[in-house]
Every structure is written in C-alpha cells, then in structure tokens.
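Chemist: no sequence for this one, just the structure:
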C-alpha cells in the first residue's frame, strides 16, 4: 500500500463519509457498522475520505456494499501517489483488499452484491468469485465444507440486493 493512503475501520464512518456517499448514491450511508474508509495522507490532503465501503454483519455473514471513490480527490493527489494507487489496482481495490484482510478472521465468507461491471472486475481481481446467483459474489476467507458454502450462499441470496 502506498504510504500516502491510510485505510481503517471507524465507528464514525457514516458521518465522515456522508458527503461522498450522498454524492454517489443520493442518500445517507447506513448508520450501523462496519465503515471502512481510505484517506489521502499525502501533501495538501484534506481529512475527507477518498474511498468508502460499508459492510453489514448479518448472522454468520458479512455483506459488503455501498462502495464509492471520490474521483475529484484522486485528481487532486500528487502524481506519484496517483501512480502508486494505479499500480495497486486503484483506491477501491486497495480499500477492498484491506477490508478482506481485516474482516477475514471474523467471518468465513464476505459477500458482495454487484451490478456494476467495473466494480465486479475489481471484486473478482480481489479474490471474490461469482455464485450461481446473478450479481452475488463471495470471497471465501477459509476453506469450508461444500455444504457450509452452499448454506452461506443460500443465506446471502435470500437477503436479496444489499
């Protein structure tokens, strides 16, 4: 990870990412955990997040969604930082990779519901897999028996879009 980008989970993520989330989705971000934010820590950076992903714990599942990147902030970054971010696969990829490592000890699977082809390409590059259900992706954090995998996929699918 580039030293000019800091990624963390924070309790006040709904407040800190509100403007970015509203700009992307037109509504406020969820007020409940888990909020993962990336910040530009390079020269001249503000304290506004440059990437946000929301994760919802639901039973034995972790559901990821509501990802957004501040493309305006990316354009304001110094060229060396932008080059490092590009080499790492982009801000969303960096933030998603961090989140998977962070949450993997606590959940056997992280699910995503994705209808955007660019986001799906990044999700797949980060280790997510397609399921037999359209738009439902999964990242297995550890080996599980096939029956457990099927049960978790069915449970996530029953939730619908998230």
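Modeler: Arrived safely. These numbers were taken from a predicted model, which means no experiment stands behind them. Residues are numbered from 1 along each chain as shown.
Chemist: every contact and neighbour count from this point should use C-alpha atoms.
Modeler: Fine.
Chemist: so what's the gap between stretch 27-39 and the chain middle?
Modeler: 10 Å (CA atoms, centre = their mean, to the nearest Å).
Chemist: do stretch 79-93 as well
Modeler: 16 Å.
Chemist: let me see the mean pLDDT of it.
Modeler: The average pLDDT within stretch 79-93 is 93.
Chemist: what about it, start to end distance?
Modeler: Using CA to CA, to the nearest Å, one end of stretch 79-93 lies 19 Å from the other.
Chemist: who touches that stretch?
Modeler: 1-2, 4, 38, 42, 50-51, 67-69, 74-75, 94, 122-123, 126 (CA atoms under 8 Å, 6 or more residues apart in numbering).
Chemist: any idea how far residue 94 is from residue 76?
Modeler: 18 Å.
Chemist: more neighbours: these two, which one.
Modeler: residue 94 (22 against 12; other CA atoms under 10 Å).
Chemist: so that one is in which element?
Modeler: Per DSSP states H and E, residue 94 falls inside helix 91-103.
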